[in-house]
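In: Take this sequence and fold it.
(2 chains)
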Protein chains: 2
Amino acid sequence: MRNIRIKLEYDGTEYHGWQKQPHDVTIQEKIEEAVFKVTGEKVEVIGCSRTDSGVHAKEYIANFHVGDRVPVFKFRGALNYMLPNDIVVLEAEEVDEDFHARYDSKGKTYSYTILNRYMPSAIERNLVYHVKYKLDVDKMKEACKYFIGKHDFAAFKTQGASVKTSVRTVSELRIETYGEHIKFYISADGFLYNMVRIIAGTLVMVGSGKIEPQQVKEIIDSKDRRRAGHCAPACGLCLEKVFY
Amino acid sequence: MRNIRIKLEYDGTEYHGWQKQPHDVTIQEKIEEAVFKVTGEKVEVIGCSRTDSGVHAKEYIANFHVGDRVPVFKFRGALNYMLPNDIVVLEAEEVDEDFHARYDSKGKTYSYTILNRYMPSAIERNLVYHVKYKLDVDKMKEACKYFIGKHDFAAFKTQGASVKTSVRTVSELRIETYGEHIKFYISADGFLYNMVRIIAGTLVMVGSGKIEPQQVKEIIDSKDRRRAGHCAPACGLCLEKVFY
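Out: The predicted model follows:
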């Protein structure tokens, strides 16, 4: 058996997230179907992360174990031939047999994009979070520094997934602006369920003047989900990179 | 009767262009349906341009004449309520009764976006022209200058629409790059059928070394459609602005 590692880009709009589900179409299911069509083998494709419904990815990493029938250099082209246009295999290579896309991940970078203007966008409707009232970007930038470092992010986690600890280390959180867009990049050793989207919701609270930047520290310290902002929409979120 | 001018943004992916057609769904038809639902009146919505199937617009201008039943300030919200999410009315206002979105247009700016990398993009699949071989942007920039000015653009026109003259004045053609993208903006007093897309195809010929930048002058002078580049895909094209 060979262990094949693939790098994917996908537009998550039409999918119920990564992970297979009984009644909904997911990315994992589409990849497994494509692998079956190419190799004739039913494999489990291991993903680096369970992205939610509507979340996008520019460089998602996954792996699966298959026999020798198809040469490795043919995987990328063959899988893309089988996949719909909103999922693209960017790379496919053979890796060590013990490589595991989820367990071996040392960290990830996500981006979150806000369109800050009065009217929504037709063209970018599935790629941005539309916030119609004017946000104060300077205050949002000031708030970023409180997230950076090793913290218990219990206040920034939706209940549901059981994890041993809610302590995570955020190594980077920076905001860029272009045109009417406010986009932030966040890197951490791991992310709790909905963590980036709740941080986005909290930054929007700061930008709209509902709370002051320094209150972010109190919210983190409180470990109280009710004090943080709302869970911002999935469509603004994009997995940018996974580190191994 | 009042003359209402609207500014639209739309994602053209799902439409067979602007102009109404017997068997296909178009933007004009969608707007006329929305106006009917809001006002109860069957109007003809006059568009600034007949954009092709798959072409997008950030600021498309249209107008229509209706009675007094609905206050002008309610049009934007009411039309957006009736329209699908891939068409957004950005503005609606009452204008002089003789304003005509097409005849009064003094010029337009279009953008054309190329994604220049080996693999196609899942996320931007409907918004860019994917060119997999490396393009020489400096040569493309050099070629731009030959298009600027008043020329007979007969070589850059698809047969079909009958126009009195193929002389147009291009006031601006500039190229920007960001990440793996090459994007150009072109402004002119008017455009021939497929003119921007054939210019895009010609610039790609220059960027790939098939012709030298200075040959663009000969191609323009030849007025021979066969000498210019291919008609690049509609999805890379976006109407950016209309001047009155």
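
In: how is chain A carved up into domains?
Out: Here the domain parsing of chain A from automatic domain parsing is A:2-95, A:107-243.

In: Rebuild those as a markdown table, extending it with mean pLDDT, distance to chain B and mean neighbour count.
Out: (Each C-beta comes from the backbone N, C-alpha and C, glycine too.) Formatted as a markdown table, the domains of chain A follow (pLDDT from 0 to 100; distance: least, CB to the nearest CB, whole Å; neighbours: other CB atoms under 10 Å in any protein chain shown):
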| stretch | mean pLDDT | distance to chain B | mean neighbour count |
| --- | --- | --- | --- |
| domain A:2-95 | 97 | 4 | 18 |
| domain A:107-243 | 96 | 4 | 18 |
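
In: ranges for the strands of chain A?
Out: A:2-10, A:46-47, A:56-66, A:87-95, A:107-116, A:129-131, A:149-152, A:167-178, A:181-188, A:237-243 (DSSP state E).

In: partners of the last one, with directions?
Out: Based on DSSP bridges, the pairing partners of strand A:237-243 within the sheet are strand A:56-66 (parallel), strand A:107-116 (antiparallel).

In: Reformat those as CSV; add distance to A:Arg2.
Out: CSV is the format used below for the strands paired with strand A:237-243 (distance: least, CB to CB, whole Å):
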stretch, distance to A:Arg2
strand A:56-66, 6
strand A:107-116, 26
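
In: quick one on the thing from earlier: between the domains of chain A, which one is closest to B:Thr158.
Out: domain A:107-243 (24.8 Å; CB to CB).

In: And the closest one, end to end?
Out: End-to-end span of domain A:107-243 (CA to CA, to the nearest Å): 5 Å.

In: Quick check: most distant residue from the centroid of chain A.
Out: A:Arg69 (32.9 Å; CA atoms, centre = their mean).

In: residues contacting that residue?
Out: Neighbouring residues of A:Arg69 by CB atoms under 8 Å, 6 or more residues apart in numbering or on different chains: A:39-40.

In: Roughly how far does A:Lys183 sit from A:Lys139?
Out: Note on A:Lys183: its distance to A:Lys139, by CB to CB, to the nearest Å, is 16 Å.

In: and the strands of chain A as CSV, adding distance to B:Met82?
Out: Below are the strands of chain A laid out as CSV (distance: least, CB to CB, whole Å):
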stretch, distance to B:Met82
strand A:2-10, 32
strand A:46-47, 40
strand A:56-66, 29
strand A:87-95, 33
strand A:107-116, 22
strand A:129-131, 19
strand A:149-152, 47
strand A:167-178, 32
strand A:181-188, 27
strand A:237-243, 30
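
In: before we move on, back to that, can I get the domains of chain A in JSON lines including distance to B:Pro120?
Out: JSON lines is the format used below for these (distance: least, CB to CB, whole Å):
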{"stretch": "domain A:2-95", "distance to B:Pro120": "6"}
{"stretch": "domain A:107-243", "distance to B:Pro120": "17"}
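
In: measure the residue farthest from the centre of chain A to A:Glu142 for me?
Out: 56 Å.

In: chain center to stretch A:167-184: distance?
Out: How far stretch A:167-184 lies from its chain's middle: 13 Å, per CA atoms, centre = their mean, to the nearest Å.

In: got it, and stretch A:104-118?
Out: 7 Å.

In: which residues does the residue lying closest to A:Ile182 once chain neighbours are set aside contact?
Out: Leaving aside its chain neighbours, A:Ile182 sits nearest to A:Ile114 (4.4 Å; criterion: CB to CB, 6 or more residues apart in numbering or on different chains). A:Ile114 makes contact with A:128-131, A:135, A:181-183, A:200, A:204, A:236, according to CB under 8 Å, 6+ apart.

In: ok, and the closest non-adjacent residue to A:Leu203?
Out: In space, and not counting its chain neighbours, A:Leu203 is closest to A:Met140: 4.9 Å by CB to CB, 6+ apart.

In: right, I mislabeled it, should have said A:Ala155
Out: A:Ala228 (4.6 Å).

In: cool, A:Asp152 as well?
Out: Closest to A:Asp152 by CB to CB, 6+ apart is A:Val167, at 5.0 Å.

In: where's the one you found relative to A:Gln28, distance?
Out: Using CB to CB, one gets 28 Å for the distance from A:Val167 to A:Gln28.

In: now A:Leu239
Out: For A:Leu239, the distance to A:Gln28 - CB to CB - is 14 Å.

In: what does A:Phe243 give?
Out: A:Phe243 is 21 Å from A:Gln28, by CB to CB.

In: now do A:Leu203
Out: For A:Leu203, the distance to A:Gln28 - CB to CB - is 30 Å.

In: do A:Lys108 as well
Out: Distance from A:Lys108 to A:Gln28, by CB to CB: 17 Å.

In: Please apply the same query to A:Leu90.
Out: Distance from A:Leu90 to A:Gln28, by CB to CB: 17 Å.

In: Kindly report the same for A:Phe99.
Out: Counting by CB to CB, the gap from A:Phe99 to A:Gln28 is 17 Å.

In: again with A:Val170
Out: 27 Å.

In: Then A:Asp136?
Out: Taking CB to CB, one finds A:Asp136 at 40 Å from A:Gln28.

In: How about A:Gly209?
Out: Taking CB to CB, one finds A:Gly209 at 41 Å from A:Gln28.

In: Correct me if wrong: A:Asn85 contacts B:Arg125.
Out: Yes: with contact defined as CB atoms under 8 Å, A:Asn85 counts as touching B:Arg125 (5.0 Å).

In: Excluding residues flanking it in the chain, which one is nearest the residue positioned nearest the centre of chain A?
Out: What sits nearest the mean C-alpha location of chain A, by CA atoms, centre = their mean, is A:Leu239, with 3.6 Å. If the residues on either side of it in the chain are set aside, A:Leu239 comes closest to A:Ala57, at 4.0 Å by CB to CB, 6+ apart.

In: ok, that neighbour - contacts?
Out: A:8-10, A:12, A:51, A:238-239.

In: ok, what's across the strand from it?
Out: Assessed by DSSP bridges, A:Ala57 has beta-bridge partners A:Tyr10, A:Leu239.

In: just the one 5 residues further on next, same as before
Out: In this structure, A:Ala62 bridges to A:Ile6, A:Gly47 when assessed by DSSP bridges.

In: That one and A:Gly47 touch, don't they?
Out: Yes: using CB under 8 Å, A:Ala62 is in contact with A:Gly47, at 4.7 Å.

In: Common neighbours of those two, please.
Out: A:28, A:101.
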